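> Provide a 3D model corresponding to the input given below.
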Amino acid sequence: MRVGVCTLWVVGGECFHQSRFQVVALVLPQSRERLVLQRRSGFVMPLAMTLSAVLLLGSASIHTLSLQGHWRHQASLQRLQALDQLQSAAQAFVAGARAAEACLLLQSSDQWHQPSSDCLHADPDRLRQGRVNDQIWQLVAWRADHDSGQLDLRLVDGRAARFQLQLDPAGPAVVAVSQPQLLGRVQARGAA
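The predicted structure follows:
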């Protein structure tokens, strides 16, 4: 490093001025130091972007969980309504299986087209379908077995259930109806 010196010469009435300056070397940081400087110089924006992405994903996850809970609640409510409607349909079947139609309880529903001699006045159509409130129900199958029977009913929208019916051993009458066992959705006979 040289320090500037100013010298003044007088030659023939003229003045010459000589200047010397200090030489300063421009020091550029090495590549590693540059990377450190670059990393330090712009860390706030990427940090803010990352933080906002994490918050957005967390918010979306909470929203999804909330929706799933709502859907589960709705599905549970619809299931309970279907059970109630099917239980009402079973009670309507039991109410229809009195008087002349009570004798049909001793035969399976696939034999109702050829009634026995003691069941000539029964109308099987009264037990094949009916209406409870605004819901139409249809008989899928009735399987008789001495003092009990298995009843499969469906609603018009396809929801179906199976019931176990306890019959009176003294005569053809229903004594008890079990809780429904959902069967899912069943197509009507003849439907594609």
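> okay, CA-based contacts and neighbour counts for the rest of this
OK.
> hang on, isn't L182 packed against G158?
No - using CA atoms under 8 Å, L182 makes no contact with G158, being 11.2 Å away.
> tell me the secondary structure at R72.
Secondary structure, DSSP: H, G, I helix; E, B strand; the rest coil: R72 is helix.
> no, scratch that, I was asking about A160
Assignment for A160 (three-state DSSP): strand.
> for it, name its beta-bridge partners.
R154, G184 (DSSP bridges).
> so how many other residues sit close to it?
A160 sits with 25 neighbouring residues when counted by other CA atoms under 10 Å.
> from A48, how far out is V54?
Counting by CA to CA, to the nearest Å, the gap from V54 to A48 is 10 Å.
> just checking, what packs against whichever strand or helix holds L65?
Assessed by DSSP states H and E, L65 sits inside helix 44-96. If you count contacts as 3 or more CA pairs under 8 Å, 6 or more residues apart in numbering; DSSP states H and E, helix 44-96 packs onto helix 125-128, strand 129-132, strand 135-145, strand 148-155, strand 159-167.
> between strand 148-155 and the last one, find me the angle.
The reference is to strand 159-167. 160 degrees (axes from the mean of the first three to the mean of the last three CA atoms, to 10 degrees).
> quick one: strand 159-167 to strand 135-145, angle?
If you take the same axes, to 10 degrees, strand 159-167 sits at 40 degrees to strand 135-145.
> so where's this structure shaky on pLDDT?
Regions of the chain meeting the criterion pLDDT under 70 cover residues 1-41, 115, 117, 188-192.
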